[in-house]
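S.K.: Any chance you could fold what I've pasted below:
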Amino acid sequence: MKKDSNARTTSLWKRMKLSSRMSLAIGLLSIFVLVGLSFAIISMGKVAVNSALQGNMNDKIRLGIADLDNLVTQAEITANTIREGIVSIYDHKDMAGGVPANPWTIQDENHNIIEPQNMAGTMFRSRVVDAVIPASRYNAETTLLDSIYSSMTTNESYVGIGVFLEPEAFYQGIENYAPYMSKADAKNRTIMVYPYSMYANKDYYLKAKETSELNLTNAYVDDSEEGGYVVSVVLPIFYKEEFKGVVIIDISLSVFEIIEQKDSRFATLFSSVIDSNGRFMYSMNKDRQGKLLSEILPEKSASALQSFMDKNTGFNTYIKNNEGDLVQFHAIPIEMEGVSWWVSVEVSQKEFTHAITKMIMLAVPISLLGILLLVGFSFFYIRSSLKPLKRIAKVGDYVAEGDFSHEIHYSYQDEIGQIAESMARVVERTRSIIKDLLGKLGEIAKGNFSFEFWNTDLYKGEYAPLLSGLYDILDDLNVTMREIHSSSQQVNASAEQVSDSARSLSDGANKQAYSIENLSTTMNAISVKIEETAEMAQHASTLSGETGNAVENSNEKMNEMSKAMRDITEKSQEISKIIKTIDDIAFQTNILSLNAAIEAARAGVAGKGFAVVADEVGNLAQKSAKAAQNTAGLIEETIEAVDKGAKITAETAESLSVVSQKTEKINRIISSISSTSEDEAEGIKQLSNGLEQISTVVQNNTSTAEESAAASEELSGQSELLNRLLDKFQLKSEPYDRTKGK
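M.R.: Numbering: from 1, shown residues only. This is a model prediction of the structure:
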């Protein structure tokens, strides 16, 4: 949307009349220049006025600072006078009741020394403390009280004066010596005496003791003034670098009225004195006296002023008061005897900038009036001066539309006249060039590319590329036509060659198709054989697997038979042991029968029956022994036969194991043959597919070759026609000479 708006603005600017556009441009430029000048003048005036006003404010502040300095100097002189009176007593060494110290030598008019009467034994008692003191202390005390009284009665700004001494600093044995006289005490000729404990730890007392210099305090509430605020000038008393006490002068804040500044231009102007704690020690605005910044200003304004004051350098800024009004605040610090006070001047921002505002209100209408006069005069003068351009622009429109019959008339020899004359020359030259180009293009239209150029002097400057372009066109056409003619002849010859090659290609493709068809038939037969081989290999693999299983079963049976033979051997060995036992029994029986026969022989006739039994038993024993021996022999033969059978069985099992391993190997070989046969069958199948694709391509090539032969014959005929057409053009053998007419 923004882009469309910019486009409309640009279009409006372009459609605007030149006089209006120039007037508007000059007007805008004038506005910018005058506004810039006005702004610069106003800015410089504002800076100058602001600087003058701020300088005036600072001057007022410095006047107040000078008055404050005079006030403090006056208090310092008073304190020094009192301190010197105290310090002088330390040079006298007289004692209470002794001869008074007399540092003076008294002479008459003849310079004769006058000896005062001996005052030994005279007793003096202090009027401040109830104690006997030497004459020197008594005289000093009298001078001290008179000085304090005189200062209090002659200086309205003093609230009170006191001398606060260290224990025994006035005289030995006197612990508390701190006379103080207020304004009311002076009227009643009364002296207030404070104990040492009251001031010993006060900040002002400790600071004077520490710094050994005159010090000022910030504002604080003085009880004797019914809650009023005072500041104190504190002067330390030292004698031979030993701290003796202080002289303190309390000053009423009303004394700061001397810094009051007034200016008829600024009704809201008022000055103030602010201590380092941000408390108003004095202000022309009485409501502020004794209050802190944070108590009378908004928090933001109070914080801003406090931050400026923390930098301890003069500043000026704008702040808002409690009423919400904007005020100009100027402040300069003053370092006075150990404290930093601020003297400030405030004025309403409206009053402060009134002069600047007045200057701006005067400058703006004058600038606007000047701009209007300048723009109006520029518009009418430019519009009148540029009116002839409208006629020239109209003729330019006719020329742009191809109408060169209109003339331009302008009597002045200024820039517009030069434009009119130049426009007329442009029209005339354009007419001549158009006429010349029509003649040359007519020759080209007739096919004459070799004619000579004329009127080349018309084509100068930016028109020169027209002539150069025409030269280029004719040169390029000549070269192109010659190349086309040459190419046409070459195309004709090449077409005949292509035709012959296409016919040869067609014959070769037919033969190739026949060979591929035979090869495809053979490959199909091979594929069938390979598939049959794969099936037989698969069948052999199955039979080999079954044989392997049978061998494994036989091997297991042989293992069982070997185990049975081992069992027979073990049982035969046990039978041998039993037969041996029977043989032993037969042997024992034979011995018993022999013994019985012997005993029967000994018995004689009585033992004949027993002898017969013994013989029978012996015969049985011999038969048993012989039978046992025969059985043992048979068992041994059986064991030998079993061992031989076990050996044969083991050999048979081993042979079966070898057969099983060979069978597994044969099975793997047959499986490999089967897998290879399948791969070969797949390869033959892919090869057959490839041959079919080749056959298709060969057939396509045959068809393409036949089409190419036909196309070549057609191309040859077209090239002959093109040669006949080119013979009609008149061609130039050499490029045009472009130097003619230059």
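S.K.: how is the protein carved up into domains?
M.R.: Per automatic domain parsing, the domain ranges recorded for the chain read 52-96+122-349, 388-446, 466-726.
S.K.: Can you tell me which of these is nearest to residue 374?
M.R.: The closest of the domains of the chain to residue 374 is domain 388-446. By CB to CB, the value is 22.6 Å. Bear in mind the C-beta positions are built from the backbone N, C-alpha and C, glycine included.
S.K.: now the end-to-end length of that closest one.
M.R.: Across domain 388-446, the terminal residues are separated by 46 Å (CA to CA, to the nearest Å).
S.K.: thinking again about what came up before, Throw the domains of the chain into a markdown table and include mean pLDDT, mean neighbour count and distance to residue 371, thanks.
M.R.: Below are the domains of the chain laid out as a markdown table (pLDDT from 0 to 100; neighbours: other CB atoms under 10 Å; distance: least, CB to CB, whole Å):
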| stretch | mean pLDDT | mean neighbour count | distance to residue 371 |
| --- | --- | --- | --- |
| domain 52-96+122-349 | 82 | 18 | 30 |
| domain 388-446 | 72 | 13 | 26 |
| domain 466-726 | 72 | 15 | 51 |
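S.K.: and residue 166, what does it touch?
M.R.: Shown in contact with residue 166 (CB atoms under 8 Å, 6 or more residues apart in numbering): 196, 243, 244, 245.
S.K.: at 6 Å instead, please
M.R.: Listed by CB atoms under 6 Å, 6 or more residues apart in numbering, the contact set of residue 166 reads 244, 245.
S.K.: element containing residue 73, please.
M.R.: Following DSSP states H and E, one finds residue 73 within helix 18-87.
S.K.: do residue 251 as well
M.R.: Going by DSSP H and E, residue 251 is part of strand 242-252.
S.K.: Spell out which strands sit alongside whichever helix or strand comes after that strand in the sheet and which way each one runs.
M.R.: As assigned by DSSP H and E, the chain's next helix or strand after strand 242-252 is strand 270-274. Sheet pairing here is set by DSSP bridges, and for strand 270-274 it gives strand 280-283 (antiparallel), strand 339-348 (antiparallel).
S.K.: Go ahead and produce PDB holding the CA coordinates of strand 270-274.
M.R.: The C-alpha trace of strand 270-274 is given here as PDB (Å, rounded to 0.1, in the frame of the first residue of the first chain):
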ATOM      1  CA  PHE A 270      14.100  33.300  45.500                       C
ATOM      2  CA  SER A 271      17.500  32.300  47.000                       C
ATOM      3  CA  SER A 272      18.300  29.700  49.700                       C
ATOM      4  CA  VAL A 273      21.200  28.300  51.700                       C
ATOM      5  CA  ILE A 274      21.400  24.500  52.000                       C
END
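S.K.: And the contacts of that strand?
M.R.: 64, 256, 259, 261, 280-285, 341-346.
S.K.: Make a markdown table from the strands paired with strand 270-274 and add distance to residue 399 to it.
M.R.: Shown next, in a markdown table, are the strands paired with strand 270-274 (distance: least, CB to CB, whole Å):
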| stretch | distance to residue 399 |
| --- | --- |
| strand 280-283 | 86 |
| strand 339-348 | 72 |
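S.K.: and of those, who's closest to residue 307?
M.R.: Across the strands paired with strand 270-274, residue 307 has its closest neighbour in strand 339-348 (13.3 Å, CB to CB).
S.K.: where exactly do the strands run in the stretch 301-450 of the chain?
M.R.: Assigned by DSSP state E, counting those that start in this stretch, the stretch 301-450 of the chain shows strands spanning 315-320, 326-336, 339-348.
S.K.: want to throw the ones you listed into JSON lines with distance to residue 620?
M.R.: Formatted as JSON lines, those follow (distance: least, CB to CB, whole Å):
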{"stretch": "strand 315-320", "distance to residue 620": "157"}
{"stretch": "strand 326-336", "distance to residue 620": "160"}
{"stretch": "strand 339-348", "distance to residue 620": "158"}
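S.K.: So which of these is nearest residue 640?
M.R.: strand 315-320 (137.9 Å).
S.K.: which one's the longest helix in the protein?
M.R.: Ranked by residue count, the top helix of the chain under DSSP state H comes out as helix 464-603.
S.K.: tell me what that one is packed against?
M.R.: If contacts are counted by 3 or more CB pairs under 6 Å, 6 or more residues apart in numbering; DSSP states H and E, helix 464-603 sits against helix 608-726.
S.K.: How far off centre is the helix it packs on?
M.R.: Relative to its parent chain, helix 608-726 has a centroid offset of 77 Å by CA atoms, centre = their mean, to the nearest Å.
S.K.: Show me what it is packed against.
M.R.: helix 464-603.
S.K.: Quick check: chain neighbours aside, which residue is closest to residue 175?
M.R.: With sequence-adjacent residues excluded and distances taken as CB to CB, 6 or more residues apart in numbering, residue 175 is closest to residue 167, at 4.5 Å.
S.K.: wait, residue 316
M.R.: Distances taken as CB to CB, 6+ apart place residue 330 nearest to residue 316, at 4.4 Å, with adjacent residues excluded.
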